[in-house]
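K.L.:
this one's sequence-less:
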């Protein structure tokens, strides 16, 4: 390992702080009230999710695709809405 590798790691870490969160598409594994969504191989449950209020009135079915975005701490996610491909 180079004597400068710590510096490169530090620059990457600092740069990551200024990258905006990115949108992902998840698949509903279980509808509300025990909502579970799989995104990038990880299963998220109700304790990991914040859901747009407009979605609470509707029961998103199993297998539906949803737009999901990580919060800045990357520990919780916001479910923005159901998405479909045209």
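P.N.:
In hand now; what should we look at? Computed from a predicted model, the values in this text were never measured in an experiment.

K.L.:
Without its sequence neighbours, what residue ends up closest to residue 30?
P.N.:
Of all residues not flanking residue 30 in the chain, residue 36 sits nearest, at 4.2 Å (Cβ to Cβ, 6 or more residues apart in numbering). In short, each C-beta sits where N, CA and C put it, glycine included.

K.L.:
contacting residues for residue 76?
P.N.:
Residue 76 makes contacts with 48-50, 70, as judged by Cβ atoms under 8 Å, 6 or more residues apart in numbering.

K.L.:
again, 10 Å this time
P.N.:
44, 47-50, 70 (Cβ atoms under 10 Å, 6 or more residues apart in numbering).

K.L.:
farthest-separated two in the residues you listed?
P.N.:
Greatest spacing in those, by Cβ to Cβ: 47 and 70 (14.8 Å).

K.L.:
quick one, what contacts residue 84?
P.N.:
64-65.

K.L.:
so how far is residue 86 from residue 30?
P.N.:
According to Cβ to Cβ, to the nearest Å, residue 30 and residue 86 sit 27 Å apart.

K.L.:
The two - which one has more neighbours?
P.N.:
Per other Cβ atoms under 10 Å, whichever of residue 30 and residue 86 has more neighbours is residue 30, with 13 against 2.
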